[in-house]
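S.K.: Quick one, fold the following:
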Amino acid sequence: MSDVELPTDYHRRLPYGERVPADPVLGGPFFPFDGELKVVPLAEPVLPEPPRAGEPGGAPCPTCAEPERDAIWGDDQWLLKAGFEATGLPLVALLVPREHLRLDELPPELTTTLGPMIQRTAGAIRRIPGVARTHFSRWGDGSEHFHVWFLARPLGMMQMRGPMLAAWDDLLPRVPDEEFLANARTVAAALAETSGNPLGRAVA
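M.R.: Below is the predicted model:
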């Protein structure tokens, strides 16, 4: 154990340097791995935490550096980005505000549109042929600029339900570029029915 001062009882009782058992997830209905699985040893806390992109001392904010890069739709408040990396799901997208803000900094006029934007984006992604559900999540460890992830869960793929859908995205064959473009245009057009416009590669 290092000389790092652990801030809470929670931190002090964790088994640093040990491998915790994988039994709680092995054999679960949505777990994508079979056979022996070894969990990496639990690392000690890094304190203070390194700055995220967009924070003082961190890398520049990629969204602010090139606001409409990879954007497939936008209005005066929000951008939806997709295609920034190859995916194994029909679509993986990122909803970001145009202004550099953390979640706790969103002004009331933007906060009131966040719920409707999540609803609209989830519905637009379900318009993609062969998509049954839209999963969305917010982690926030990579960039200070607020962002929400959206993942398209393929129709009938019941073992992809739940939080491991993000892992399946990395495991499945990559979606061909032509198919991605068709899916992105479907989503952008659906969003534009209410507001905003298709952008970038989603412009038909």
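S.K.: Look up how far Leu103 lies from the residue positioned nearest the centre of the chain.
M.R.: Against the mean C-alpha coordinate of the chain, by C-alpha atoms, centre = their mean, the closest residue is Trp149 at 2.9 Å. For Trp149, the distance to Leu103 equals 13 Å [C-beta to C-beta, to the nearest Å]. Backbone N, C-alpha and C define where each C-beta goes, glycine included.
S.K.: OK, contacts around the closest residue to Leu14 other than its chain neighbours?
M.R.: Spatial nearest neighbour of Leu14, excluding adjacent residues (C-beta to C-beta, 6 or more residues apart in numbering): Leu42 at 6.1 Å. Applying C-beta atoms under 8 Å, 6 or more residues apart in numbering to Leu42 gives the contacts Leu14, Pro15, Tyr16, Gly17, Glu18, Arg19, Val20.
S.K.: Could you rerun that using 7 Å?
M.R.: Leu14, Pro15, Tyr16, Gly17, Glu18, Val20 (C-beta atoms under 7 Å, 6 or more residues apart in numbering).
S.K.: out of these, which one sits closest to Leu165?
M.R.: Minimum separation from Leu165 among the contacts of Leu42 (C-beta to C-beta) is found for Val20, which lies at 23.0 Å.
S.K.: Setting aside sequence neighbours, what's the nearest residue to that closest one?
M.R.: In space, Val20 is closest to Val39, 5.3 Å off (C-beta to C-beta, 6+ apart).
S.K.: cool, Leu26 as well?
M.R.: Residue nearest to Leu26 in three dimensions, not counting chain neighbours: Leu37, with 6.3 Å by C-beta to C-beta, 6+ apart.
S.K.: element containing the one you found?
M.R.: Under DSSP states H and E, no helix or strand contains Leu37.
S.K.: ok, now how distant is it from Arg19?
M.R.: Distance, Leu37 to Arg19, using C-beta to C-beta: 10 Å.
S.K.: How about Phe33?
M.R.: Per C-beta to C-beta, Phe33 is found 16 Å from Arg19.
S.K.: One more: His145?
M.R.: The value you get for His145 to Arg19, if C-beta to C-beta is used, is 35 Å.
S.K.: Below-threshold pLDDT in this protein: ranges please.
M.R.: 1-4 (pLDDT under 70).
S.K.: any chance you could map the helices in it?
M.R.: For the chain, the helices defined by DSSP state H occupy 9-12, 62-65, 108-125, 165-171, 177-192.
S.K.: Comparing those helices, which comes out most buried?
M.R.: helix 177-192 (a mean of 19; mean count of other C-beta atoms under 10 Å).
S.K.: which helices and strands sit right next to it?
M.R.: Applying 3 or more C-beta pairs under 7 Å, 6 or more residues apart in numbering; DSSP states H and E, one finds that helix 177-192 contacts strand 71-74, helix 108-125, strand 197-198.
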